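Engineer: Coordinates for the following, if possible.
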Amino acid sequence: MQGLITKSTGSWYQVQMPDGQRIDCRIKGKFRIKGITTTNPLAVGDVVDFEMEPDQETGVITNLQQRKNYIIRKSINLSKQGQVIAANLDQAMLVVTLASPRTSLGFIDRFLVTAEAYDIPAKLVFNKLDLFSDEGLEILAEYKAVYEKIGYPCYEVSALEGTNINQVQDILKDKVTLFSGHSGVGKSSLINALLPDLDLRTHQVSDWSDKGMHTTTFAEMFELPQGGFIIDTPGIRELGVIDIEKQELSHFFPEMRSRMNECRFNNCRHINEPGCAILAALEEGEIELSRYESYLSIYNGNDTRA
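Structural biologist: Numbering: from 1, shown residues only. All right, here's what the predicted structure looks like:
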C-alpha cells in the first residue's frame, strides 16, 4: 500500500491513503541505515510504501518513494547532520515579523538560500501588520523593496485581524506549501485564519526573552478546502545552511547568479578578486549590502545566528 506522510512525531508517522484513511505507522528497523545521513529518515510530504502489521491497526513503512525536492537544515545537536523539514513541496512561505520577535535579514537570507538550493520557490509573509508603527511601516517598505527587486513575492498580513488573508489563500490553491519561521511570528495564528476549523494552539511571545514559545511540536500537513496542503512546522530558532559548497553559494543568490559570468575569473569568490562583477554591482548599489553580508556570513560558516 502507498500513502502520504501527513504527520511526524519522531518515532511514529501518520500516513494518509488515497481514500483519505489515515494509518499510524512506524519505520522498519533496517530502514534507518540505508545510506540516509539525516537525523530523520522520513518527513512530512514524503510518499511511502507500507504494510499493515498482523492483527493490528498500525502499519510498518517499508520504502520511501523518490522525492522531487525537500528542504533541510543543519541539525542543532549534531552539526554534521541535517534535518529534513518537509518534502515534495511546491512552494515555501517564510512568516516574518519586524518586532516581537524580530526576524533578522540574515535569517531570511539563509532560508531563501536553502529554498533556492533545493529548487523550491519561496515567498515572504510579513505578519502582525496590526502592531506596526509609522516607523515600522517604513522599515517594512525597505525590506519588501530588497526582496521584491530580486524576485521574491512579499505579502503584508495580520493574522489576528484577518488583514489580507485572502491574498495568501489565493496563492495556496492546489499547492503543497511549507510554512516556516521563528517561534512567535504567528504561523499557527495565520494557519488558524486560513483554516478556522483547525484551532491550532497559539502562545504569547515570552516577555523576558522576546522569543516565541514553541506551540507546534512536530510537523503536520493540513488539507485545504480549495485544494492543496499546508505543512506547519515547529518554530525555528536557528537555521544552519547545510550541503552547499562554498563555490556554489553565489548560485543561490539570484542577484549574484545573473552576474557571475561577467566576473574576470571563473573561480571568483566575490570577496576581493579584481574584475569581480558582484563587487562592482555592490559598489553601484545594484546589490544590497545586507544581502552581500549574508553571503559572506554563510561563506565563512557563520550561518546559524537567529
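Engineer: residues of the longest helix seen in the chain that come out buried?
Structural biologist: Ranked by residue count under DSSP state H, the longest helix found in the chain is helix 134-149. Judged by neighbour count (16 or more other CB atoms under 10 Å), helix 134-149 contains these buried residues: 140, 143-144, 146-147. All C-beta atoms are positioned from the backbone trio N, CA, C, and that covers glycine.
Engineer: Dump those residues into TSV; add distance to residue 231 and pLDDT as well.
Structural biologist: Formatted as TSV, these follow (distance: CB to CB, whole Å; pLDDT from 0 to 100):
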residue	distance to residue 231	pLDDT
140	26	94
143	24	95
144	25	96
146	26	95
147	22	98
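Engineer: How about residue 277, nearest residue that isn't a chain neighbour?
Structural biologist: residue 262 (3.6 Å; CB to CB, 6 or more residues apart in numbering).
Engineer: Now do the phi/psi pair for residue 291.
Structural biologist: The phi and psi values for residue 291, taken as degrees, to the nearest 10, are phi -70, psi -40.
Engineer: could you check the distance from it over to residue 218?
Structural biologist: 33 Å (CB to CB, to the nearest Å).
Engineer: Please say which of those two ends up with more neighbours.
Structural biologist: residue 291 (22 against 13; other CB atoms under 10 Å).
Engineer: Could you check how far residue 153 is from residue 173?
Structural biologist: Taken as CB to CB, the span from residue 153 to residue 173 is 15 Å.
Engineer: who has more neighbours, the two?
Structural biologist: A count of neighbours by other CB under 10 Å puts residue 153 above the other of residue 153 and residue 173, at 16 against 12.
Engineer: before we move on, back to that, what about the longest helix of the chain, distance to the chain center?
Structural biologist: With CA atoms, centre = their mean, to the nearest Å as the basis, the distance from the averaged C-alpha position of helix 134-149 to the chain average is 21 Å.
Engineer: Partner strands of the helix or strand just after it, with direction?
Structural biologist: Downstream of helix 134-149, the first helix or strand assigned by DSSP states H and E is strand 154-156. If you go by DSSP bridges, strand 154-156 pairs up with strand 122-126 (parallel).
Engineer: quick one on the thing from earlier: closest to residue 282 among the buried residues of helix 134-149?
Structural biologist: Proximity of the buried residues of helix 134-149 to residue 282 (CB to CB) peaks at residue 146, which lies at 13.5 Å.
Engineer: can you tell me which residues contact the closest one?
Structural biologist: Residues near residue 146 by CB atoms under 8 Å, 6 or more residues apart in numbering: 105, 288, 290-291.
Engineer: Over to residue 6?
Structural biologist: 14-16, 22, 44, 220-221.
Engineer: now those residues as a markdown table including neighbour count, secondary structure and pLDDT?
Structural biologist: Putting the contacts of residue 6 into a markdown table (neighbours: other CB atoms under 10 Å; DSSP: H, G, I helix; E, B strand; the rest coil; pLDDT from 0 to 100) gives the following:
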| residue | neighbour count | secondary structure | pLDDT |
| --- | --- | --- | --- |
| 14 | 18 | strand | 94 |
| 15 | 25 | strand | 96 |
| 16 | 17 | strand | 95 |
| 22 | 13 | strand | 94 |
| 44 | 27 | coil | 95 |
| 220 | 21 | strand | 89 |
| 221 | 21 | strand | 93 |
